[in-house]
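Peer 1: Okay, here's the prediction I keep looking at, along with the sequence it came from:
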Amino acid sequence: HALVRDEEGKKMSKSTGNVIDPIQVIDVYGADALRFTLAAFAAQGRDIKLSESRIEGYRHFINKLWNAARFSLMHIDESSARGALDQLGLADRWILSRLAAVRGEVTDALDHYRFNDAAGALYRFAWHEFCDWYLEAVKPDLYGREGDLRRDASRRVLWRVLRDMLVMLHPFIPFVTEEIWHILPGTGGSIMSAAFPPAGEEKDGLQQEPGAESEMALVMDVITGIRNVRGEMNISPGKNLAVCAHADNQAVSDRIAANRDMIINLARLESLIIQPTAEKPKFAATSVVRGITIYV
């Protein structure tokens, strides 16, 4: 990478007093947070504007990963590392498809020394897709509410995604990934000797599934639309809402109906009615996403 500057773009200098001491930063935020910050901003040929607030932000990311691993370890065991990936729900198929995609992105970025792109892809996948969406979507499965087959399938998917994610993140945040690796069932030795997840034609059975990604994107958009109404109207997050939805396309209506339980769970709904007409109920707020009219 090029020169490391302060947050205003000025060259660091003792006389100016804007020097950031890496040893002090490590003492406060940890070595992993500093490493990941430098990697995330190290675009080729571009100076890095470094600030403690950015390092603190990536420490939050590492804490998020740690907490997600702790939650996962409550549900997975040695058996989760074995068995076929079948009997999968939509969220399981979606996260495996996204894992296959991010493995390709990270491999390509590392092969071409675009470390910032690799770090950015892993950040988005781990925080937004794995933590924010997948873990929340499969909680009913993990707690056995959808039956033993779905519970065991989601546990196997959870183990696989967490395992591959740790190995890909290890070059960037070696300490926390090594710590989690040693308490992850079905692993042995140091994570440094683990095989890096393959990409391309050798994805060991994983491949992208555009249909699952498209369907999950629709569900996520509907949930986001409902959450936006909740935020705009200052409705308490704990209050269950009644929602009516109308889609111009029957295929879209069928997709919403097929994923009704997930939408009710993640959007905190009391009921979800899919109506054939766009007639607005009384005292309803409206959100429109992808041609779907949502009445809250």
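Peer 2: Perfect, thanks for sending it.
Peer 1: Residue ranges in the stretch 1-150 of the chain under the pLDDT threshold?
Peer 2: Of all residues in the stretch 1-150 of the chain, those with pLDDT under 70 make up the ranges 1.
Peer 1: actually the stretch 151-296 of the chain, not the one I typed
Peer 2: Scanning the stretch 151-296 of the chain residue by residue, the ranges that satisfy pLDDT under 70 are 199-203.
Peer 1: mind listing the strands for it?
Peer 2: Taking DSSP state E, counting those that start in this stretch to define them, one finds strands in the stretch 151-296 of the chain at 241-247, 269-274, 286-289, 292-295.
Peer 1: possible to save the ones you listed as TSV with mean neighbour count and distance to Asp152?
Peer 2: C-beta: built from backbone N, CA, C; applies to glycine. Listed next are the strands of the stretch 151-296 of the chain as TSV, based on neighbours: other Cβ atoms under 10 Å; distance: least, Cβ to Cβ, whole Å:
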stretch	mean neighbour count	distance to Asp152
strand 241-247	20	32
strand 269-274	14	28
strand 286-289	15	34
strand 292-295	22	33
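Peer 1: For Leu158, find the nearest of the ones you listed.
Peer 2: Each of these has some distance to Leu158 by Cβ to Cβ; the shortest is strand 269-274, at 25.0 Å.
Peer 1: Could you list the paired strands of the closest one along with their orientation?
Peer 2: strand 241-247 (parallel) (DSSP bridges).
Peer 1: now the partner strand, how far from the chain's geometric center?
Peer 2: Averaged C-alpha coordinates place strand 241-247 at 27 Å from its chain's average position (Cα atoms, centre = their mean, to the nearest Å).
Peer 1: same check, this time on stretch 136-153
Peer 2: For stretch 136-153, the separation from the chain centroid amounts to 19 Å (computed by Cα atoms, centre = their mean).
Peer 1: Just the buried positions in that stretch, please.
Peer 2: Residues of stretch 136-153 classed as buried under the neighbour-count rule (16 or more other Cβ atoms under 10 Å) are Ala137, Val138, Lys139, Pro140, Asp141, Leu142, Glu146, Arg150, Arg151, Asp152, Ala153.
Peer 1: I figured the first one was touching Ala267, is that so?
Peer 2: No - checked against Cβ atoms under 8 Å, the pair Ala137 and Ala267 is beyond contact range at 11.5 Å.
Peer 1: contact partners of stretch 136-149?
Peer 2: Contacts of stretch 136-149 with the rest of the structure, by Cβ atoms under 8 Å, 6 or more residues apart in numbering, involve 75, 87, 89, 91-92, 150-151, 153-155, 157-158, 261-262, 265-266.
Peer 1: By neighbour count, which of the residues you listed wins?
Peer 2: Using other Cβ atoms under 10 Å as the neighbour criterion, Ser154 leads those with 29 neighbours.
Peer 1: and that one, what does it touch?
Peer 2: Residues in contact with Ser154, defined by Cβ under 8 Å, 6+ apart, are Leu88, Gly89, Ala91, Asp92, Val138, Asp141, Leu142.
Peer 1: again with Glu129
Peer 2: Listed by Cβ under 8 Å, 6+ apart, the contact partners of Glu129 are Ile95, Arg98.
Peer 1: change it to 10 Å
Peer 2: Trp94, Ile95, Arg98, Leu99, Ala101, Val102, Leu135, Val161, Met216, Met220 (Cβ atoms under 10 Å, 6 or more residues apart in numbering).
Peer 1: Tell me, how many residues neighbour the residue nearest to Gly9 when sequence neighbours are not counted?
Peer 2: Nearest-residue entry for Gly9: Lys49, 5.5 Å, with adjacent residues in sequence omitted and distances by Cβ to Cβ, 6 or more residues apart in numbering. Using other Cβ under 10 Å, Lys49 has 15 neighbouring residues.
Peer 1: Touching, Lys49 and Lys10? I think so.
Peer 2: Yes - contact criterion Cβ atoms under 10 Å: Lys49 and Lys10 qualify, at 9.2 Å.
Peer 1: and the residue lying closest to Asn228 once chain neighbours are set aside, what is it in contact with?
Peer 2: Spatial nearest neighbour of Asn228, chain neighbours left out: Ser287 (6.0 Å); criterion: Cβ to Cβ, 6+ apart. For Ser287, the residues meeting the contact criterion (Cβ under 10 Å, 6+ apart) are 221-222, 224-230, 232, 243, 245, 293-296.
Peer 1: Having no further points to raise, I will conclude here.
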